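> For reference, the sequence and a predicted model appear below.
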Amino acid sequence: MIFRDIELSDRALIENAAAEADSLSCDDSFVNMYIWRELYAQQIALCHGTVLRRSIKNGMPRFSFPLGRGDLPLILAEVAQMCEGRPCFEGLTEQECREVVKYLPGYDFFFEEKPDRA
């Protein structure tokens, strides 16, 4: 999986993936991704039919939930492998948290609600 910077030409790709995912999150908006890409070191990769977003915080990769309709168990397993068994996700909904736990059994996840991240 090759991550790259978000570019203006990615607008249709990201908007289509967000629509397929039925995402209403402002974090999944192309405009927000593009505007904040440098501050949060956000990059994207195409991964099994989805757009996967990664940011780097304190030297550690953090992932958002994949956008689109891809093979979720395979995608999450690849994320866990990239993170040497310690995947870190952020900005997940309650349903997305349940899916992460379902498809990555055996991991000791800690979920913390941060309602005001701005």
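It's in. Numbers count the residues shown, from 1 in each chain.
> What residues does the closest residue to residue 16 other than its chain neighbours make contact with?
Nearest residue to residue 16, sequence neighbours excluded (C-beta to C-beta, 6 or more residues apart in numbering): residue 68, at 7.9 Å. (Glycine included, C-beta is placed from N, CA and C.) Taking C-beta atoms under 8 Å, 6 or more residues apart in numbering as the criterion, residue 68 is in contact with 16-17, 20-21, 49-51.
> how about 10 Å then?
Residues in contact with residue 68 (C-beta atoms under 10 Å, 6 or more residues apart in numbering) are 13-14, 16-21, 23, 46-52, 75.
> Mark which of those residues are buried, thanks.
Among the contacts of residue 68, those classed as buried by 16 or more other C-beta atoms under 10 Å are 13-14, 17-18, 21, 23, 46-48, 50-52, 75.
> Let me have these in JSON lines, adding pLDDT, distance to residue 92 and secondary structure as columns.
Compiled in JSON lines, the buried ones among the contacts of residue 68 are given as follows (pLDDT from 0 to 100; distance: C-beta to C-beta, whole Å; DSSP: H, G, I helix; E, B strand; the rest coil):
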{"residue": "13", "pLDDT": "96", "distance to residue 92": "21", "secondary structure": "helix"}
{"residue": "14", "pLDDT": "95", "distance to residue 92": "18", "secondary structure": "helix"}
{"residue": "17", "pLDDT": "94", "distance to residue 92": "16", "secondary structure": "helix"}
{"residue": "18", "pLDDT": "92", "distance to residue 92": "15", "secondary structure": "helix"}
{"residue": "21", "pLDDT": "88", "distance to residue 92": "12", "secondary structure": "coil"}
{"residue": "23", "pLDDT": "80", "distance to residue 92": "11", "secondary structure": "coil"}
{"residue": "46", "pLDDT": "95", "distance to residue 92": "21", "secondary structure": "strand"}
{"residue": "47", "pLDDT": "92", "distance to residue 92": "17", "secondary structure": "strand"}
{"residue": "48", "pLDDT": "92", "distance to residue 92": "19", "secondary structure": "coil"}
{"residue": "50", "pLDDT": "94", "distance to residue 92": "15", "secondary structure": "strand"}
{"residue": "51", "pLDDT": "96", "distance to residue 92": "16", "secondary structure": "strand"}
{"residue": "52", "pLDDT": "95", "distance to residue 92": "13", "secondary structure": "strand"}
{"residue": "75", "pLDDT": "93", "distance to residue 92": "14", "secondary structure": "helix"}
